[in-house]
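Student: Kindly return the folded structure for what I paste below:
(chains A and B)
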Protein chains: 2
Amino acid sequence: MAVYTEVSDVELSRFIASYGLGELQSYKGIAEGVENTNYLVQTAKGPFILTLYEKRVARDDLPFFLGLMEHLAGNGVSCPTPLHDNHGNALSELCGRAAAIVTFLQGVSVSRPSIDQCEAVGRALAQLHLAGNDFALRRSNALGPAGWQPLFDDFASRADEVAEGLGRTIAEELSALQAAWPQYLPQGVIHADLFPDNAFFLGGKLSGVIDFYFACNDAFAYDVAICLNAWCFEQDFSFNAAKGRALLAAYDAVRPFSAAERAAMPTLARGAAMRFLLTRAHDWLHHDRDALVSPHNPIDYVHRLRFHKTVRSIADYGLT
Amino acid sequence: MAVYTEVSDVELSRFIASYGLGELQSYKGIAEGVENTNYLVQTAKGPFILTLYEKRVARDDLPFFLGLMEHLAGNGVSCPTPLHDNHGNALSELCGRAAAIVTFLQGVSVSRPSIDQCEAVGRALAQLHLAGNDFALRRSNALGPAGWQPLFDDFASRADEVAEGLGRTIAEELSALQAAWPQYLPQGVIHADLFPDNAFFLGGKLSGVIDFYFACNDAFAYDVAICLNAWCFEQDFSFNAAKGRALLAAYDAVRPFSAAERAAMPTLARGAAMRFLLTRAHDWLHHDRDALVSPHNPIDYVHRLRFHKTVRSIADYGLT
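Tutor: Okay, the predicted model is just below:
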């Protein structure tokens, strides 16, 4: 959400020359992405996004992320594609940081998705899952079920500072999820963070998906469950079944759910709510109160969790 | 340097419609300007900059700033021009903030200006002074000599935390400047903050001047003195007389200095160094140590001040 690394005109001009992008016409540090420095760079060859990877992104993961974007873009997914420099490398270095230049996607992320937009994202997610199917690299899900207990342990003693009783709610839910978590669902590359701010729309159509820095190998249906949480709840925390139906049916039309996936959806949705509840509660408690940007309120996910616990089958999410 | 106010796609689409800019194609919060929120907004009609004025900018000053940009742009200065909405207003409101949309300028600001770039900025500054001459509104210089003592009083007791002896240096210099400050120099609208990051270059030429939020009525030659401080010192704090000569001669060729302006230049340059020393020392001492962005080091201006005190005439800055 900030420019952590300042790049000078001289350094950037030299850098883009190695990609054959011609003269540098303008560049602006942009407030996008969680922990990296991003510039919107206008060159003689058009606009591009320059990313400098700051220390919280593991350098070993970068070939996976960049390779995945290139693989998906090459397989019909509208997402940023890394450029290769004169030496053929997508991953380079600038100002002492690992750095990459990716294509710029037009479009606007929506703050209140419509039913049509939920349908579009369901379809796009299924296409992304199919397109990623033959990607060679692997990355495990650091924020999957095995990571939840350690994440909770880190702030368990302070959980009730967020809300009275939150510590017990999480502890009980973690036990329940551990017992119920499905083991043998179809797996592949998932986006794992496809929130509305990571999808662009233009002229009523989904124009692109961005921010693959949580992508990993995990159950496809878990990625769908993340989207149910991210796209289908209203501001008052009520679940919008019309949006759920649109998202699930559009997904199912491109990549049909197996019976096991359908059966597992309520548990997966609870797990997805738990994953975001944990990271948000963690960030909430570790947040510098003087910082300009407020963290997301973790309570949003307590409400979602409460809803998912009332769900008996995928039909309650709208899929018949 | 940050996005203080988040604008949603719905709000922004409605807003740009009132300017007849067609469909919103993309928008990115940009890390530009000191205390406002800025977005680079791509529309069907091209790119524009949206500024939301945060509380540190006095709303009463906005007609001056916006009117000035429009006046200057109409008189041949390459600077952002405010658009007018359907009601003919340049100043509007968005998300509870005063807001304006201005044209986007291509170009890149340089971190280490060349002699040619110093020449270009000297010429542009003189053109700006002439173009502003018949601008109707007035704004006094809140950071002019009368404002220095109160600014210093605000941190005088802590000045030596910045550097040993800084308090005494400033106190003595303020007395000297007060006694020597020239009263009857030609006045008009000055930029008052034309640092390298507020000038864009493209293809070796100066393509635009931005950030008029310190502009005010004051002595033209004082604006030149600010530029001498901002453009003509090297990283080791040495004055580069070739850059000084280029800047001053280019200015003088467009708007010739009077004898009084020439004579006053060493005092004006000392005053300009003092003005930036004071605000930087103030920000340095009031800076949140956990913030991501470090303030400028005020010591840079102690070095400049020391140099200016050795100067006997404008010839020492390179103008013969």
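Student: Report the residue spans of chain A with pLDDT below the cut-off.
Tutor: In the predicted model of chain A, residues A:1, A:33-34, A:288-294 satisfy pLDDT under 70.
Student: Show me the helices in it, by range?
Tutor: With DSSP state H as the criterion, chain A has helices at A:9-17, A:62-74, A:115-131, A:145-153, A:166-180, A:220-231, A:241-254, A:259-285, A:299-308.
Student: so what's the residue in the stretch 51-200 of chain A positioned nearest to chain B closest to, chain neighbours aside?
Tutor: In the stretch 51-200 of chain A, the residue that lies nearest chain B is A:Ser111 (3.9 Å; CB to the nearest CB). Bear in mind the C-beta positions are built from the backbone N, C-alpha and C, glycine included. Excluding the flanking residues, the one nearest A:Ser111 by CB to CB, 6 or more residues apart in numbering or on different chains is B:Ser8, at 3.9 Å.
Student: count of neighbours near the one you found?
Tutor: Residues lying near B:Ser8 (other CB atoms under 10 Å in any protein chain shown) number 14.
Student: what does the one 10 residues further on give?
Tutor: Counted with other CB under 10 Å, the neighbours of B:Ser18 add up to 15.
Student: Now do the contacts for the closest residue in space to it that isn't next to it in sequence.
Tutor: The shortest distance from B:Ser18 to any non-neighbouring residue, by CB to CB, 6+ apart, is to B:Asp85 (4.6 Å). The contact partners of B:Asp85, by CB atoms under 8 Å, 6 or more residues apart in numbering or on different chains, come to B:18-19, B:92.
Student: thinking again about what came up before, would you mind confirming that the residue nearest to A:Ser111 makes contact with A:Val108?
Tutor: No. Using CB atoms under 8 Å, B:Ser8 is not in contact with A:Val108; the gap is 9.6 Å.
Student: Quick check: neighbours shared by those two?
Tutor: Counting by CB under 8 Å, 6+ apart, nothing touches both B:Ser8 and A:Val108.
Student: residues from chain A in reach of chain B?
Tutor: For chain A, the contact set with chain B under CB under 8 Å from any CB of the partner chain comprises A:1-4, A:8-10, A:12-13, A:23-32, A:40, A:42, A:105-112, A:200, A:202-203, A:288, A:290-293.
Student: Return the subset of the contacts of B:Asp85 lying in strands.
Tutor: B:Ser92 (DSSP state E).
Student: how about the contacts of B:Asp85 in CSV, adding distance to B:Ser313?
Tutor: CSV is the format used below for the contacts of B:Asp85 (distance: CB to CB, whole Å):
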residue, distance to B:Ser313
B:Ser18, 55
B:Tyr19, 51
B:Ser92, 49
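Student: that older thread, pull out the buried members of the residues of chain A next to chain B.
Tutor: A:1-4, A:9, A:12, A:24-32, A:40, A:42, A:105, A:107-110, A:200, A:202 (16 or more other CB atoms under 10 Å in any protein chain shown).
Student: can you count the residues close to the closest residue to A:Ser238 other than its chain neighbours?
Tutor: Sequence neighbours aside, A:Phe307 is the residue nearest to A:Ser238 in space, at 7.9 Å (criterion: CB to CB, 6+ apart). Applying other CB under 10 Å, we find 17 residues neighbouring A:Phe307.
Student: Next: the one 3 residues further on.
Tutor: Other residues lying near A:Thr310 total 9 when counted by other CB under 10 Å.
Student: contacting residues for it?
Tutor: Residues counted as contacts of A:Thr310 (CB under 8 Å, 6+ apart) are A:Asp316.
Student: quick one, phi/psi of it?
Tutor: Backbone torsions of A:Thr310, given as degrees, to the nearest 10, read phi -90, psi -10.
Student: How much space separates it from A:Val302?
Tutor: Using CB to CB, to the nearest Å, A:Thr310 is found at 14 Å from A:Val302.
Student: again with A:Asp193
Tutor: Using CB to CB, A:Asp193 is found at 20 Å from A:Val302.
Student: ditto for A:Arg270
Tutor: Relative to A:Val302, A:Arg270 is positioned 12 Å away (CB to CB).
Student: Looking at these two, which one has more neighbours?
Tutor: A:Arg270 (24 against 21).
Student: close enough to count as contact, the more buried one and A:Leu177?
Tutor: Yes. The criterion here is CB under 8 Å, and A:Arg270 meets it with A:Leu177 at 6.2 Å.
Student: Identify the residues contacting A:Gly22.
Tutor: A:16, A:43-45.
Student: what's it sitting at in phi/psi?
Tutor: phi 70, psi -160.
Student: How about it, nearest residue that isn't a chain neighbour?
Tutor: A:Ala44 (2.9 Å).
Student: Tell me which of the helices of chain A is the most buried.
Tutor: With neighbours defined as mean count of other CB atoms under 10 Å in any protein chain shown, the helices of chain A peak in mean count at helix A:220-231, which reaches a mean of 25.
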